[in-house]
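Visitor: Just the structure for this:
(chains A, B, C, D, E and F)
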There are 4 protein chains.
Amino acid sequence: MGERSLQKKQFILEKAKEVFVEKGFRSVTMKDIVEACEISRGGLYLYFSSTEEIFLEVLAAESEEADDVFAENVGENATAADILAVFLKEQKKEILRSKKTLAAAAYEYAFANPKDTVLKKRFNDGVVMLEKLIKMGAESGEFYDVDARIAAKNVMYVLEGLKIASVTMGMSGETIDNELYMIMQGLIIEEE
Amino acid sequence: MGERSLQKKQFILEKAKEVFVEKGFRSVTMKDIVEACEISRGGLYLYFSSTEEIFLEVLAAESEEADDVFAENVGENATAADILAVFLKEQKKEILRSKKTLAAAAYEYAFANPKDTVLKKRFNDGVVMLEKLIKMGAESGEFYDVDARIAAKNVMYVLEGLKIASVTMGMSGETIDNELYMIMQGLIIEEE
Amino acid sequence: MGERSLQKKQFILEKAKEVFVEKGFRSVTMKDIVEACEISRGGLYLYFSSTEEIFLEVLAAESEEADDVFAENVGENATAADILAVFLKEQKKEILRSKKTLAAAAYEYAFANPKDTVLKKRFNDGVVMLEKLIKMGAESGEFYDVDARIAAKNVMYVLEGLKIASVTMGMSGETIDNELYMIMQGLIIEEE
Amino acid sequence: MGERSLQKKQFILEKAKEVFVEKGFRSVTMKDIVEACEISRGGLYLYFSSTEEIFLEVLAAESEEADDVFAENVGENATAADILAVFLKEQKKEILRSKKTLAAAAYEYAFANPKDTVLKKRFNDGVVMLEKLIKMGAESGEFYDVDARIAAKNVMYVLEGLKIASVTMGMSGETIDNELYMIMQGLIIEEE
DNA sequence: CATGAATGAGAGTTCATTCAT
DNA sequence: GATGAATGAACTCTCATTCAT
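Guide: Numbering: from 1, shown residues only, chains lettered A, B, ... in the order given. Okay, here's the model as predicted:
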């Protein structure tokens, strides 16, 4: 595929993402995507051969973006507490945006493809990152000296709980703040 | 419908539950259920007119069962800590069984029916119950004196996180134990 | 079938007639009639085995009634002009009632059963009757001396036209009056 | 849809017309039309989405044709009597062809769709045309000086009567001639 | 006689996927 | 590369008809 078709592929992925955000994963048909892109049925098949294939690429593109955003917001001399704050703030944003997010589609995809490890990988990446952070914080005296792995997992589970709850039953900013405050309270040593 | 058909309705619900456990919610067709029950196409329509209708009845039956089990396991003179332990133990069981559970189907149903409040109701019921329990424990001096509502919600979010994580990426008993231990540690005052 | 079942048969025919009036012929199902009668599916089959069979009996009962009404309204010493007036008045009534009548259903039946001669018989009965009447009138000097058969047919065709027009596009009493007046004008010799 | 599909649409309409002529309106299924056209089930849905939609297009095409035929047969210097003769001749042809005509289907359609005014429009168009014609004839001294509207309606009702009678019970050319003769006799002043 | 649960054929409709242009 | 008409499989749903009770 030449450069021109790479553009088209990007275009399809963008439009497809809108469809997945709108309709989730399972109920999206090739027809939906064809219509969203205003291309021909056969045309779509030149680039992708199933909604699953498209979805996975959409998801991958999404992950990259998220990493970029995170990197942007972490300054050079950031402390562990700063980084944690940035991380949680990003999470809060995403949770609040859940109606405009791939979250529901991603869960649906995971249900339909129990063997696939995309979500697991994301989760583990989060755990690893937080584990490092917590160790960092402990060393610098900012955080309590807890089992970093277990604490990291706990944070991730709470976040998962908030995400799924947000998608399935909605959620207020205040509720999220309460939960994130509890997380920080459990990690950061408060100054007197 | 006479007695005979009530039995058949139960039978259909049982078989349908197996199908929902196996395939989730969205991908289940009336045909799937017809085949699982080994009845005729038209026969199923005598009892139910959509997979959604069937699913909601399966879910309702499920809830009743869960309540019964909980009631059975709470003795007369149980302390707040005892009841919390029973509750968390039941939750652990359910999380571990998640592959044989309606959890995934229920989430899929919620995605497909954002207006429906079945999951929300379940969640709120849990919050209310835990809130009472935490107040009880605080009064009896067993639990820390925290904001009961916020604490109850926190427990529920962690549990939601564990459930969805279990469904989408599997989970070991040990991991659950760690999380439940953290929950209990955050509530119960340890004796020295 | 004993007396009791004869009553039931009558009951079914009455209810079925309502259904045919309401829905025409083709779209009426055995289920519709079962529901209108509030009897069991199998029960209906004890008396009739198809909507067609039921419809034909409904139609036959209808014809008898119409004859009775006509006989009632024709006095002993009636002149030809009197009888014609009574006949046309009855026709007008029926045309105006067309929305509450079997007319549409009868036409639908005729379309679906081109071999059946029910409608033809009715038409011919009308022709024969009118023919006699016109001859009577001619002999008594009330009517013009025309070809009685042709004149009778003409009257019947106009009436058919009014009926079908009434069913398919509605019709005012005035319009009917105009037509009936033209019929009478064409037959009855006006006194100066 | 490009040019190629326009041809196919025409083809479907032609075949569908045969089906409607053969089976009427209500009993025609999408499957019937699919089979008559020898195309795939889904293929038909690319062009039409219900038998009703198809039928209405068939009917519309039919009307255009009829208008064309009428225009062709009316010469430049035609008198009112000439035009009336052409009109009645066309009507006779159509009535005689009734077994190969959409008439029955059109009536069935009208029964099934009481709100629809297709038949009414056709009837009114006829009335308007005849009204003009009768006025023309009266002015030129060819026709009697009657109430043109009432006379026009009368002609149309007789024609309706002939049509429905032809469809439901068959009709000979002679019978039609008698009726048409009576119509002409009622309008045209005979030379002595 | 009467019931109504059960069956299965058949109509409607939608899409993934292909293929001639 | 790109198109979009065409196909056919799969689902949904409704009834006529039967039959055990």
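Visitor: from chain A, which residue is nearest to DNA strand F?
Guide: Closest approach between chain A and DNA strand F, counting by CB to the nearest atom of the strand: A:Gly42, at 1.8 Å. All C-beta spots, glycine's among them, are computed from the backbone N, C-alpha and C.
Visitor: what's the burial count for that residue?
Guide: 8 (other CB atoms under 10 Å in any protein chain shown).
Visitor: swap in A:Lys8?
Guide: A:Lys8, neighbours per other CB under 10 Å, totals 16.
Visitor: Skipping adjacent residues, who's closest to it in space?
Guide: Of all residues not flanking A:Lys8 in the chain, A:Tyr47 sits nearest, at 7.0 Å (CB to CB, 6 or more residues apart in numbering or on different chains).
Visitor: wouldn't that neighbour be in contact with A:Lys9 here?
Guide: Yes - between A:Tyr47 and A:Lys9 there is a contact at 5.3 Å, judged by CB atoms under 8 Å.
Visitor: Between the two, tell me which one has more neighbours.
Guide: A:Tyr47 (19 against 16).
Visitor: thinking again about what came up before, what's next to the helix or strand hosting the residue of chain A closest to DNA strand F, contact-wise?
Guide: Using DSSP states H and E, A:Gly42 sits within helix A:41-47. Contact with helix A:41-47 is made by A:Ser5, A:Lys8, A:Lys9, A:Ile12, A:Met30, A:Lys31, A:Ile33, A:Val34, A:Cys37, as judged by CB atoms under 8 Å, 6 or more residues apart in numbering or on different chains.
Visitor: Stretch A:108-116 now?
Guide: A:24-26, A:52, A:55, A:59, A:118-119, B:24, B:26-27, B:104, B:107-108, B:111, B:167-169.
Visitor: what do you get if the cut-off is 7 Å, keeping everything else the same?
Guide: A:Gly24, A:Phe25, A:Arg26, A:Phe55, A:Leu119, B:Gly24, B:Ala104, B:Tyr107, B:Glu108, B:Phe111, B:Val167, B:Thr168 (CB atoms under 7 Å, 6 or more residues apart in numbering or on different chains).
Visitor: For those, name the two members farthest from one another.
Guide: The most widely separated members of these, counting by CB to CB, are A:Phe55 and B:Val167 (18.2 Å).
Visitor: for stretch A:124-143, which positions count as buried?
Guide: The neighbour-count check on stretch A:124-143 (16 or more other CB atoms under 10 Å in any protein chain shown) flags A:Gly126, A:Val127, A:Leu130, A:Glu131, A:Leu133, A:Ile134, A:Lys135, A:Met136, A:Gly137, A:Ala138, A:Glu142, A:Phe143 as buried.
Visitor: Can you give the distance from it to the centre of its chain?
Guide: Offset of stretch A:124-143 from its chain centre (CA atoms, centre = their mean, to the nearest Å): 19 Å.
Visitor: tell me the average confidence for that stretch?
Guide: Stretch A:124-143 comes out with an average pLDDT of 95.
Visitor: To what extent is A:Ala148 buried, counted in neighbours?
Guide: A:Ala148: 20 neighbours (other CB under 10 Å).
Visitor: Kindly report the same for the one 10 residues further on.
Guide: A total of 23 residues lie near A:Val158 under the criterion other CB under 10 Å.
Visitor: is it fair to say it lies in a helix?
Guide: Yes - using DSSP: H, G, I helix; E, B strand; the rest coil, the assignment for A:Val158 is a helix.
Visitor: Quick check: it touching B:Leu159?
Guide: No - counting by CB atoms under 7 Å, A:Val158 does not reach B:Leu159; the two are 10.2 Å apart.
Visitor: and A:Glu3, what pLDDT?
Guide: In this prediction A:Glu3 is given a pLDDT of 51.
Visitor: Quick check: buried residues in the host helix or strand of A:Ile150?
Guide: Using DSSP H and E, A:Ile150 sits in helix A:148-169. Judged by neighbour count using 16+ other CB under 10 Å, the buried positions of helix A:148-169 are A:148, A:150-169.
Visitor: Can I get it in CSV? Just the C-alpha atoms.
Guide: Below are the C-alpha coordinates for helix A:148-169, written out as CSV (Å, rounded to 0.1, in the frame of the first residue of the first chain):
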residue,chain,number,x,y,z
ALA,A,148,4.2,-1.7,45.8
ARG,A,149,2.8,-4.4,43.5
ILE,A,150,-0.3,-5.0,45.7
ALA,A,151,-0.9,-1.3,46.1
ALA,A,152,-0.5,-0.7,42.4
LYS,A,153,-3.0,-3.5,41.6
ASN,A,154,-5.4,-2.1,44.1
VAL,A,155,-5.4,1.3,42.5
MET,A,156,-6.0,-0.3,39.1
TYR,A,157,-8.9,-2.3,40.4
VAL,A,158,-10.5,0.8,41.8
LEU,A,159,-10.0,2.5,38.5
GLU,A,160,-11.5,-0.4,36.7
GLY,A,161,-14.5,-0.4,39.0
LEU,A,162,-15.0,3.3,38.4
LYS,A,163,-14.7,2.9,34.6
ILE,A,164,-17.2,0.1,34.3
ALA,A,165,-19.5,1.8,36.7
SER,A,166,-19.3,5.0,34.7
VAL,A,167,-20.1,3.2,31.5
THR,A,168,-23.0,1.1,32.9
MET,A,169,-24.6,3.5,35.3
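Visitor: I'd like to know which elements it is packed against.
Guide: helix A:80-96, helix A:103-112, helix A:118-139, helix A:173-187, helix B:118-139, helix B:148-169, helix B:173-187 (3 or more CB pairs under 7 Å, 6 or more residues apart in numbering or on different chains; DSSP states H and E).
Visitor: can you pull the contacts of A:Lys9?
Guide: A:Tyr47.
Visitor: From C:Asp145, how far out is the closest residue in space to A:Ala81 that isn't next to it in sequence?
Guide: In space, and not counting its chain neighbours, A:Ala81 is closest to A:Glu142: 5.1 Å by CB to CB, 6+ apart. Using CB to CB, to the nearest Å, A:Glu142 is found at 123 Å from C:Asp145.
Visitor: Specify the stretch among the helices and strands packed on helix A:148-169 that is closest to D:Ala85.
Guide: helix A:103-112 (72.6 Å).
Visitor: Report whether the closest one contacts DNA strand F.
Guide: No - Helix A:103-112 stays out of contact with DNA strand F when judged by CB under 7 Å from any atom of the strand, the minimum separation being 14.2 Å.
Visitor: what kind of secondary structure is A:Glu52 in?
Guide: Per three-state DSSP, A:Glu52 ends up helix.
Visitor: Now for it, how many residues are close by?
Guide: Quick note: A:Glu52 (other CB under 10 Å) scores 15 neighbours.
Visitor: give the contact list for it.
Guide: Taking CB under 7 Å, 6+ apart as the definition, A:Glu52 has no contacts.
Visitor: and the gap between it and B:Thr29?
Guide: 19 Å.
Visitor: Show me what from chain A comes close to DNA strand E.
Guide: Near DNA strand E, when you scan chain A using CB under 7 Å from any atom of the strand, you find A:Thr29, A:Met30, A:Lys31, A:Arg41, A:Gly42, A:Tyr45, A:Ser49, A:Ser50, A:Thr51.
Visitor: tell me the contacts of the first one?
Guide: Right, the one you point to is A:Thr29. A:Thr51.
Visitor: So what's the predicted local confidence for it?
Guide: Taking A:Thr29 on its own, its pLDDT is 96.
Visitor: what's the distance between it and chain C?
Guide: For A:Thr29, the distance to chain C equals 34 Å [CB to the nearest CB, to the nearest Å].
Visitor: So what does that residue have for phi and psi?
Guide: Torsion angles at A:Thr29 (phi, psi; degrees, to the nearest 10) stand at phi -110, psi 160.
Visitor: One more: the third one?
Guide: Backbone dihedrals for A:Lys31, given as degrees, to the nearest 10, come out at phi -60, psi -40.
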